[in-house]
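Q: coords please:
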Amino acid sequence: MRLTDPFHPPPLIRNPHLQTVLCSSRIRALRSNAMMQAARETILTTDGGVRLLGYHSAQSRRPARGLVILLHGWEGSSDSVYIRRTGGTFYKRGYAVFRLNLRDHGGSHHLNAGLFYAAAIEEVHAAVGQAAGLNPQIPAFLVGFSLGGNFALRIALRCRQEPIPNLKHVVGISPVLDPDDATDKIDSSGYILRYFLKKWRRSLRKKQALFPHRYDFAAALQLPSVRSVTEELLSNYSYYHSAKEYFNAYSLVGDALLDICVPTTVLTAEDDPIIGVEQFHRLQLNAQTCLAVQPYGGHNGFISGFSFTGWYEKPMVDLFDETAGLGA
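A: A predicted model of the protein is given here:
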């Protein structure tokens, strides 16, 4: 089974907004998960002094088939349901799993005084390299979702200059390609906007409480859209002159992915309510990159049935097994 094989969910859960909501539904986290029980907190410190929080689930009873590093989306975390479910599947199949939190995500606000910026690829690339280096003798794989997918693709690009020796394959699921356009879509969608603003405001309040002499987010917390909050924060706490300049710093449209040097798969859905599918059709890709555009799936969804399993889990396991030269 491959990620390019057709995905057709049952009609009752085919709606793209339902797929998007089910992705993070708590009902998917009810089953037991051996990966969570094996997890050990790990703080990775980059050469620049940035500290990122992760959770490493090593295989204790058998040699690991490989290491899967998971990157969540914006205002998600290492405990997001889709991260836990995907990691649990890989752990059950014999892989070690490292769930990495981006800065100011997953309760890591206290680790760095500076704010999270999606354009800051250096710290995430360094942390992924350190995670992969926990066991450099086994193959490492990187999977990112939404904004985490954007980070994963930029790491695949950055590996041309700064290789991660045992990184064998990268997968971006519903990756953000054009942050400017994605922001407009979020701001125009009622429930998606409410979801992100609620989580972002909670995150900003937590950061302000930890660093009260550095941050005053009172004005930002009253603003009604992701774009307006972004503009407010950038004007006060960054060197970016506008949201458009900031978004351009991590945009991946057109020929931006041409220099990828690590085998990479990009998975998206035509009905994604946040990421326009036309952006994927306009991508210029090299032979290292495979694009899988599914008719259904919503954003980060791809829920295959009423067991609420992520359809992409099995083909990713098969892909990584094949890449590592392993049997079932």
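Q: quick one: the helices in the protein?
A: 16-23, 34-38, 81-92, 121-132, 147-158, 179-187, 190-210, 226-237, 243-248, 278-281, 313-323 (DSSP state H).
Q: specify the angle between the helix or strand of the chain with the lowest mean pLDDT and helix 190-210 in degrees.
A: Using mean pLDDT, DSSP states H and E, helix 16-23 stands out as the lowest-scoring helix or strand of the chain, at a mean of 90. Helix 16-23 runs at 40 degrees relative to helix 190-210, counting by axes from the mean of the first three to the mean of the last three Cα atoms, to 10 degrees.
Q: who's in contact with the residue nearest to the spatial centre of the chain?
A: Among the residues of the chain, the one closest to the centroid is residue 148, at 2.2 Å (Cα atoms, centre = their mean). Residue 148 makes contact with 70-73, 76, 102, according to Cβ atoms under 8 Å, 6 or more residues apart in numbering. For every residue, glycine as well, the C-beta is placed using N, CA and C.
Q: same question for residue 139.
A: Contacts of residue 139 (Cβ under 8 Å, 6+ apart): 66-67, 166, 168, 320, 323-324.
Q: rerun that using 7 Å as the cut-off
A: Contact analysis of residue 139 by Cβ atoms under 7 Å, 6 or more residues apart in numbering lists 66, 166, 168, 323-324.
Q: that one and residue 131, how far apart?
A: Distance, residue 139 to residue 131, using Cβ to Cβ, to the nearest Å: 13 Å.
Q: and what of residue 257?
A: Distance from residue 257 to residue 131, by Cβ to Cβ: 23 Å.
Q: quick check: closest non-adjacent residue to residue 66.
A: Leaving aside its sequence neighbours, residue 66 sits nearest to residue 139 (Cβ to Cβ, 6 or more residues apart in numbering; 4.3 Å).
Q: can you check residue 14 too?
A: Nearest to residue 14 is residue 296, by Cβ to Cβ, 6+ apart, at 5.5 Å.
Q: list the residues that contact that neighbour.
A: 7-9, 14, 19, 269, 271.
Q: ok, back up a step: mean neighbour count, the helices of the chain: which tops it?
A: Compared across these, helix 147-158 shows the largest average neighbour count, a mean of 26 (mean count of other Cβ atoms under 10 Å).
Q: where does this structure dip in pLDDT?
A: Counting by pLDDT under 70, the chain has low-confidence residues at 30, 326-328.
Q: show me how it divides into domains.
A: 11-178+253-323, 182-250 (automatic domain parsing).
Q: what's the burial count for residue 264?
A: Neighbour count of residue 264, defined by other Cβ atoms under 10 Å: 24.
Q: please apply the same query to residue 26.
A: By other Cβ under 10 Å, the residues close to residue 26 number 7.
Q: related to what we said a few turns ago, ok, so of the contacts of residue 148, who is nearest residue 92?
A: residue 70 (14.5 Å; Cβ to Cβ).
Q: can you name the residues that contact that closest one?
A: Contacts of residue 70 (Cβ under 7 Å, 6+ apart): 83, 86-87, 97, 99-100, 143.
Q: from these, which single one is nearest residue 280?
A: Distances from residue 280 to the contacts of residue 70, taken as Cβ to Cβ, are shortest for residue 143 (17.7 Å).
Q: the least confident helix or strand of the chain to helix 81-92, inter-axis angle?
A: Helix 16-23 and helix 81-92 are oriented at 60 degrees to each other (the same axes, to 10 degrees).
Q: and the contacts of helix 16-23?
A: Here helix 16-23 has contacts from 13, 82, 271-273, 296-301, 303, 308, using Cβ under 7 Å, 6+ apart.
Q: before we move on, the earlier item: mark which of the contacts of residue 296 are buried, thanks.
A: Neighbour-count burial (16 or more other Cβ atoms under 10 Å) applied to these gives 7, 9, 14, 19, 269, 271.
Q: go through those and name the one nearest residue 29.
A: residue 19 (17.0 Å).
Q: without its sequence neighbours, what residue ends up closest to residue 200?
A: residue 75 (5.8 Å).
Q: what residues are up against the one you found?
A: 196, 199-200, 203.
Q: which of the residues you listed sits closest to residue 27?
A: residue 199 (19.3 Å).
Q: what's the distance between the closest residue to that closest one other than its chain neighbours and residue 2?
A: With sequence-adjacent residues excluded and distances taken as Cβ to Cβ, 6+ apart, residue 199 is closest to residue 75, at 4.0 Å. From residue 75 across to residue 2, the span is 31 Å (Cβ to Cβ).
Q: residues near residue 162, how many?
A: Neighbours around residue 162, by other Cβ under 10 Å: 11.
Q: for the nearest residue to it once chain neighbours are set aside, give me its contacts.
A: Of all residues not flanking residue 162 in the chain, residue 125 sits nearest, at 6.6 Å (Cβ to Cβ, 6+ apart). Residues in contact with residue 125 (Cβ under 7 Å, 6+ apart) are 155, 158, 162.
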